[in-house]
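Asks: below are the sequence and a predicted model; questions follow.
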Amino acid sequence: MMPNNDDLSPFKQPIICLTSLSHSGSTVFSMALACHENLISLGEIYQVLRMGPTYWLNKQEHRCSCGAPAEQCDFWRPVLTTMRSLDIINPTLPSYYLDAYATVLAQFSKLYGKYYQPIDTSKGIKHLKLLAASETIDAKALFLIRDVRSYASSQARLARSQPRKGLKKVKGHYWYQMMRWLSDNKKRESLLTDLALPFETVGYEPFCFNPTQTLDSVYNFLALPKTLSNESLGKSTHHVLFGNPMRNCETRKTEIRYDDRWFSETNYMLAAALIPTLMQYNQARVYASGQ
């Protein structure tokens, strides 16, 4: 099916930017989105481009989510070889990322046609500024937010598992991760507003527990027709070269799993009680999104 596009207006290459903090569920959410017949996930495009084409073409042991190394991938091989042939190889040049993104989107349009849209799950914000300023790219953003308690539990657990000394040990505390979550998400939301990028806020927990309702809301925002309910990720279309390691785990690529370990933890309660604005923001952005 085709999205609602105005055929009389100049064509601008669409791209969906799925933006979030790290460990917020962007990989599984992008694969669920890519079950829609008009959407294809390309993973963290900016991070692929940051390494340059030669790096990926020579890295045989690193595989795309399609199962092939970059040098054999139906999508990334022509992208990277075209970049190399056009001498788009130096990430330090001012024009590099704009030219590289143009190459990615041109190859995407050539391979899939104008009625398909790529999903970019790049972390950070540099690509958002780049795409928002482009006159030839039609970028929309999905702002994915994970419950602060789940996020803090995951990040604190990860930090405690790593050798840290001195002040760096603070990252293993819930209160630090919760304040970081609040500050970083507010900054990202403010940036999206300042860039005038059309965006929809999506709660990760509502998606996990009611994926059909969440995805229908997103499809409506993207002006795409609703699709048949499909909670299996096995039918998604994706070429994720850089992203969460689950891209190459066959079991985890076929189903939505929620990490509920924080349900049995209480370490977050003090910070939640002492910082009411934090929990208010959490409720408003995670659980009221899409309503």
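Replies: Structure's in. What do you need?

Asks: so, low pLDDT: which residues of the protein?
Replies: 1-10, 167, 228-232, 244-254, 289-291 (pLDDT under 70).

Asks: please enumerate the strands of it.
Replies: Assigned by DSSP state E, the chain shows strands spanning 13-19, 39-41, 117-120, 137-145, 199-203.

Asks: ok, which of those strands comes nearest Gln280?
Replies: Nearest of these to Gln280, taken as Cβ to Cβ: strand 137-145 at 13.5 Å. Bear in mind the C-beta positions are built from the backbone N, C-alpha and C, glycine included.

Asks: which helices and strands sit right next to the closest one?
Replies: Here strand 137-145 touches strand 13-19, helix 26-33, helix 126-133, helix 174-194, strand 199-203, helix 211-221, going by 3 or more Cβ pairs under 8 Å, 6 or more residues apart in numbering; DSSP states H and E.

Asks: out of these, which gets nearest to Tyr115?
Replies: When the helices and strands packed on strand 137-145 are compared by Cβ to Cβ, strand 13-19 sits nearest Tyr115, at 9.5 Å.

Asks: neighbouring strands - and their directions - for the closest one?
Replies: Strand 13-19 has the following strand partners under DSSP bridges: strand 117-120 (parallel), strand 137-145 (parallel).

Asks: CA-only coordinates of the longest one in PDB, if you can.
Replies: This file holds the C-alpha atoms of strand 137-145, laid out as PDB (Å, rounded to 0.1, in the frame of the first residue of the first chain):
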ATOM      1  CA  ILE A 137      15.000  15.100   3.000                       C
ATOM      2  CA  ASP A 138      11.600  14.800   4.700                       C
ATOM      3  CA  ALA A 139      12.500  13.700   8.200                       C
ATOM      4  CA  LYS A 140      10.000  12.700  10.900                       C
ATOM      5  CA  ALA A 141      11.000  11.600  14.400                       C
ATOM      6  CA  LEU A 142       9.700   9.000  16.800                       C
ATOM      7  CA  PHE A 143      10.800   9.900  20.300                       C
ATOM      8  CA  LEU A 144      11.000   6.600  22.200                       C
ATOM      9  CA  ILE A 145      11.100   6.800  26.000                       C
END
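
Asks: angle of that strand against helix 26-33?
Replies: Strand 137-145 and helix 26-33 are oriented at 120 degrees to each other (axes from the mean of the first three to the mean of the last three Cα atoms, to 10 degrees).

Asks: what sits against the residue positioned nearest the centre of the chain?
Replies: By Cα atoms, centre = their mean, the chain has its centre lying nearest to Thr121, at 2.5 Å. With contact set as Cβ atoms under 8 Å, 6 or more residues apart in numbering, Thr121 has these partners: 18, 20, 26-27, 30, 41-44, 240, 243.

Asks: one more pass at 6 Å, please.
Replies: 18, 26, 30, 43-44 (Cβ atoms under 6 Å, 6 or more residues apart in numbering).

Asks: brilliant, that's me finished.
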